[in-house]
Each structure stands twice: as C-alpha cells, then as structure tokens.
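Participant: The sequence and its predicted three-dimensional model are supplied below.
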Amino acid sequence: MSAERDWQLLVLRYEHAFGDLEQAAQAHPAVLPRPDGWGARAVLAHIVGWNERIAEEAPSGRFAPSGLSQEEIDRRNDEFARTLGGLPWPELLGRLRRAHAARLAAAEALGPGDPLARELLERAIRHYEAHAGELRGR
C-alpha cells in the first residue's frame with residue numbers, strides 16, 4: 001500500500017472514531033459512567049483541551065505526547081474538565097468539532113511521512129474509541 005493511501009485510511013479512521021464519539025456523547029449527555037463522576041461534559045471538555053493544546057504545540061515540535069507522566073496527564077485532564085466543562089452544551093460540541101479539525105490540520109502540517117503526525121491521529125483514535133465506549137456504558 002502506498003504511503004499516501006495509508007495516510008488517507010488513517011484519516012478516515014480518525015474521522016470515523018470522532019463521529020462515533022460525537023454520537024455517543026449526544027445520545028448520553030448526562031451519563032456518569034466513571035468512578036470520578038465525570039459525565040459527557042467532562043469527557044468532551046478534556047478532549048477539547050488536549051486537542052487544542054496538541055494542535056497549537058505539535059507543528060512547532062513543542063508537544064511530545066509520550067513525554068508526560070501519568071500525574072501530569074491527570075492534572076491536565078482535571079484542569080481541562082474544570083475549565084471547559086461548564087460551557088453550554090452546543091458551544092462545547094462546536095468547540096469539540098473545531099479542536100478535532102485543528103488536530104488533523106496540525107498532523108497534516110507535519111506531513112503524512114512524519115511519525116509524530118501518525119502518532120497524533122492514532123492516539124486520538126484510541127482516545128475517542130475509549131471514551132465513546134465509556135459513554136455508552138461499555
């Protein structure tokens with residue numbers, strides 16, 4: 001398979017995983033599936049926070065997702081949920097869509113051949129899939 005075709009398939013998987021997450025969130029907006037009490041708002045808010053940060057920092061090489069400790073990830077997750085989780089639902093969904101598109105644009109700016117570009121999308125796919133399942137109670 002050509003590198004270009006491989007990239008196109010990765011982007012399709014990225015878009016599919018996002019659509020699944022968005023559908024799960026809209027179908028279950030009040031669900032509290034997690035022991036920490038996070039519902040759909042907090043889940044989406046922390047995804048928005050990460051995607052915005054990654055979109056801003058990745059193209060300049062300032063973001064290294066594998067270089068963060070679990071403690072730092074948890075701290076940022078809580079910060080994103082707290083600061084963005086209070087947005088009105090339509091605004092949160094709009095910001096989620098924009099942040100998703102910005103993350104893809106950041107990966108594309110790095111270029112399909114850049115390992116970080118692939119990592120940005122592959123990590124997002126796993127992240128979206130995990131939270132979509134959570135929101136559905138799986």
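Facilitator: Good, I have the coordinates. Numbering: from 1, shown residues only.
Participant: how about the helix or strand where Arg126 lies: buried residues?
Facilitator: In the assignment (DSSP states H and E), Arg126 maps to helix 115-135. Neighbour counts using 16 or more other C-beta atoms under 10 Å place 116-121, 124-125, 127-129, 131-132, 134-135 of helix 115-135 among the buried residues. Where you see a C-beta, it was placed from the backbone N, CA and C, and this is true even at glycine.
Participant: Which single one of these is nearest to Trp38?
Facilitator: The nearest member of these to Trp38, counting by C-beta to C-beta, is Glu134 at 8.8 Å.
Participant: pLDDT score for that closest one?
Facilitator: Listed pLDDT for Glu134 reads 84.
Participant: quick one: low-confidence ranges for the protein?
Facilitator: Counting by pLDDT under 70, the chain has low-confidence residues at 1, 28-37, 61-66, 138.
Participant: what about the helices in it?
Facilitator: For the chain, the helices defined by DSSP state H cover 3-27, 40-57, 70-84, 89-110, 115-135.
Participant: if you compare those, which one is most tucked away?
Facilitator: helix 40-57 (a mean of 21; mean count of other C-beta atoms under 10 Å).
Participant: Just the CA trace of that helix, in PDB.
Facilitator: Output of helix 40-57 as PDB, limited to C-alpha atoms (Å, rounded to 0.1, in the frame of the first residue of the first chain):
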ATOM      1  CA  ALA A  40     -20.200  13.500  29.000                       C
ATOM      2  CA  ARG A  41     -19.400  17.200  29.500                       C
ATOM      3  CA  ALA A  42     -16.100  16.500  31.400                       C
ATOM      4  CA  VAL A  43     -15.200  13.800  28.900                       C
ATOM      5  CA  LEU A  44     -15.700  16.100  25.900                       C
ATOM      6  CA  ALA A  45     -14.100  19.000  27.700                       C
ATOM      7  CA  HIS A  46     -10.800  17.200  28.400                       C
ATOM      8  CA  ILE A  47     -10.700  16.000  24.800                       C
ATOM      9  CA  VAL A  48     -11.200  19.600  23.600                       C
ATOM     10  CA  GLY A  49      -8.400  20.700  25.900                       C
ATOM     11  CA  TRP A  50      -6.000  18.100  24.700                       C
ATOM     12  CA  ASN A  51      -6.800  18.600  21.000                       C
ATOM     13  CA  GLU A  52      -6.400  22.400  21.300                       C
ATOM     14  CA  ARG A  53      -3.100  22.100  23.000                       C
ATOM     15  CA  ILE A  54      -1.800  19.500  20.600                       C
ATOM     16  CA  ALA A  55      -2.900  21.500  17.600                       C
ATOM     17  CA  GLU A  56      -1.100  24.500  18.900                       C
ATOM     18  CA  GLU A  57       2.100  22.800  20.000                       C
END
